[in-house]
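**Student:** Need coordinates for the following:
(chains A and B)
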Amino acid sequence: MVSVPLGPFDGRVAALHPQHRDFYIATPNQDDVFAPPGSCNVYARFDGRYGPDDHTQWPQPFSHSAPYLCCIPKREGQAAEDSIMWWNPTRQDFEPMLRHGGDIGIGFLPYDELQSMGQCCERLNQRVEQYQTKINPHPLTHSLSINLHRTLSRLRAVAMARKEVLFECRQVQRQWMELRALMDYIEIYEPHMDGRIPPANATASVIGCFVREAHVAERLFSAGIPYWLIRPLSSFSTENILTITNIIQPKDVLELDDYPMPFPRIYVGDSNYNRFCAISKHGLKSLCYTDLFSDGNPKGIRPHEFVQSSRTAGPSRDHRNTSARSQPCKLLFPTPCT
Amino acid sequence: MSLSLESWQKALGAVDRSPEMLFSQTKLADNDGKYAFPEPGIFCSGDNYNRRNRYLTTWTIIRDICIYRLASNASKVRLLSGQDWRTLLGGRAPNSESKAGASREFLKLLLSPEATEFGIDVSNLHKVPDREFSAREAQENMWGISELSFRFELLMLDRRALDRRLFENRPQELGSLVREELVLHCFYFRPDQPHHLASVSIQNARRGLASPNVRDRLPYLNALRRVMFEWVDYHRYHDLARLPTPTVGAPEVELLHYEYVIARYYTQTYFHYFGRAAIIPTTLLEAL
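**Tutor:** Predicted coordinates:
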């Protein structure tokens, strides 16, 4: 019978590390052990999420650059009105635009779901606005809030192909979760970690993270954030481990199939802050309009770079007779056309 | 068609179109001089109602595809010349042996270079029967085209004309998302409406820069000036750079002059970089 509470280095459950057998994984506040990410091959899958490399559905190594990511909320225990952020759209969740009876191949997410997402984002936005009235608010709250707003606006305003509607819906969900995680980290969990308020007496319903550093484990423990501590077997001494368990693999619980026209690979390497940045960048890419006058140059054409060369290259503009050129200036004068 | 606002109309008429006013006397990009959306005037040239109905029928089908092409991060988007737009909107039957048919096929490729793989299909445009558009419907459609064109032209001009040397110590403000946020402030959006350039609503055809009252236009003119403030020649254009910002209570003539000076700089700068007239904001008469 356990009469002493578990400490930050104890294990309610534990398992041997699946790749490195001289390490073990233990967690004091969870009932399962998930497989720690190895080398990543990041791309969106059939459901528009990034499989085991997606921090919104699978724990990742703790990031000192983005510590709030371990506070991504889990569906369990959340308010019912926020459940749209865990909704899994399918291919059928697409309302095609019909033009003269024909499907032109683009459309929107169903209206009700779009409305729910909008309301959910608005509630979070109000929380962020209230927080931002404080002195020295975290600068990331502003940019994450803007990006969420922009992604949702695009999803509402622009009819897109089915694949893109799915992907953009996932981006709204992901950005909402990240902003919510940041707000919770700042307002709920960090005060526990810093000792400003007493340790949490319950485990948070968040995704959590993998940890190797003891002092990080102690901070997470005090905030009730789920974590899985990875340690060498040789360091094991007096820690309590209640149960040895099997490791849950991504294939057991996640969608890993590719989309019929697969999404591009966006990152290969360790699961670290660069993986997170690659996912963020990929999600925001669609917000950046193609430069129509860059001729495919991803950096765009900068006029002052052409000051020298432009006089000698390319076909001439026809300015010998400007009146022969298309004259929209004149057409715009009032010529009633009814 | 929708009505141009007087200050903008005058400014467009005053554009100096001499060759030396061009940034480059050679084309810098394939898309130079071309249009993201059809030039509104082609819908009513010649008072040919059948042709207008045909053009508008096609336009209402492809409108959202055109927006989708522009409002995405495609690797390359091809714009169309005025003649290409006429051919596309005319919706002639594809026939690779005739000149028009070849052009039509070509336009199909232009319209969806990456879109076909997503299932976007405009190959049956020529089979869609013409719809009869009332005068009001035609006006509303043309207002929508003008508005879309102006918005996207402003966004693209901002990219071209932005003086990047001003941002050496604050490169983060050069980001396209930051600039677009400034551009979005130039337009009126209802609270329930997505804040997006593509979100053009006929309910707003008399709001923002399109308001018939110059006092209501003032905040949006100020926002436009704020965008142009960091363009390459802004501070050399003394008429504008040294012009005090009027208050909303200023005499109407002063407000209209303010609008004219802003529009004059905008339209001249557009010609400077793109070698053609800018599409300008328009308004719509109230529905009877």
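**Student:** so how far is the first residue of stretch A:99-119 from its last?
**Tutor:** 29 Å (C-alpha to C-alpha, to the nearest Å).
**Student:** Residue B:278: neighbouring residues, count only.
**Tutor:** Applying other C-beta atoms under 10 Å in any protein chain shown, we find 26 residues neighbouring residue B:278. Yep, even glycine has a C-beta here, placed from its N, CA and C like the rest.
**Student:** Equivalent analysis for the one 4 residues further on, please.
**Tutor:** Residue B:282: 25 surrounding residues under other C-beta under 10 Å.
**Student:** is any part of stretch B:221-237 close to chain A?
**Tutor:** Yes. Using C-beta under 8 Å from any C-beta of the partner chain, we find that stretch B:221-237 touches chain A at residue B:232.
**Student:** Now do that stretch: everything it contacts.
**Tutor:** Contact with stretch B:221-237 is made by A:303-304, B:154, B:158, B:161-163, B:166-167, B:179, B:182-183, B:185-186, B:209, B:240-241, B:245, B:258-259, B:262, B:265-266, B:269, as judged by C-beta atoms under 8 Å, 6 or more residues apart in numbering or on different chains.
**Student:** Can you tell me which of those are buried?
**Tutor:** Neighbour-count burial (16 or more other C-beta atoms under 10 Å in any protein chain shown) applied to those gives A:303, B:154, B:158, B:161-162, B:166, B:179, B:182-183, B:185-186, B:209, B:240, B:258-259, B:262, B:265-266, B:269.
**Student:** residues contacting residue A:273?
**Tutor:** A:63, A:65-66.
**Student:** Out of those residues, which comes closest to residue B:35?
**Tutor:** Residue B:35 lies nearest to residue A:66 out of the contacts of residue A:273, by C-beta to C-beta, at 43.1 Å.
**Student:** any idea how far that closest one lies from residue B:263?
**Tutor:** Between residue A:66 and residue B:263 the computed distance is 45 Å (C-beta to C-beta, to the nearest Å).
**Student:** what ranges of the stretch 151-288 of chain B fall below the confidence cut-off?
**Tutor:** B:287-288 (pLDDT under 70).
**Student:** What residues does it have near chain A?
**Tutor:** Counting by C-beta under 8 Å from any C-beta, the residues of the stretch 151-288 of chain B close to chain A are B:155-156, B:159-161, B:164-165, B:176-177, B:180-181, B:194-196, B:198-199, B:232, B:273-277, B:279-280, B:282.
**Student:** and those residues, which of them are in helices?
**Tutor:** In this view, these that belong to helices under DSSP state H are B:155-156, B:159-161, B:176-177, B:180-181, B:273-274.
**Student:** could I get the contacts of residue A:273 as JSON lines with secondary structure and neighbour count?
**Tutor:** Putting those into JSON lines (DSSP: H, G, I helix; E, B strand; the rest coil; neighbours: other C-beta atoms under 10 Å in any protein chain shown) gives the following:
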{"residue": "A:63", "secondary structure": "coil", "neighbour count": "17"}
{"residue": "A:65", "secondary structure": "coil", "neighbour count": "10"}
{"residue": "A:66", "secondary structure": "coil", "neighbour count": "19"}
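**Student:** Throw these into CSV and include distance to residue A:237 and pLDDT, thanks.
**Tutor:** Below are the contacts of residue A:273 laid out as CSV (distance: C-beta to C-beta, whole Å; pLDDT from 0 to 100):
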residue, distance to residue A:237, pLDDT
A:63, 28, 97
A:65, 32, 97
A:66, 32, 97
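**Student:** which one of those sits closest to residue A:213?
**Tutor:** Proximity of these to residue A:213 (C-beta to C-beta) peaks at residue A:63, which lies at 11.9 Å.
**Student:** surely that closest one meets residue A:276?
**Tutor:** Yes. Using C-beta atoms under 8 Å, residue A:63 is in contact with residue A:276, at 6.6 Å.
**Student:** returning to that earlier point: list buried residues within the residues of the stretch 151-288 of chain B next to chain A.
**Tutor:** For these, buried by 16+ other C-beta under 10 Å: B:155-156, B:159-161, B:176, B:180, B:194-196, B:198-199, B:232, B:273-277, B:279-280, B:282.
**Student:** What number of residues are in the vicinity of residue B:140?
**Tutor:** Residues near residue B:140, counting by other C-beta under 10 Å, number 17.
**Student:** what's the spacing between it and chain A?
**Tutor:** For residue B:140, the distance to chain A equals 12 Å [C-beta to the nearest C-beta, to the nearest Å].
**Student:** Without its sequence neighbours, what residue ends up closest to that residue?
**Tutor:** residue B:202 (5.0 Å; C-beta to C-beta, 6 or more residues apart in numbering or on different chains).
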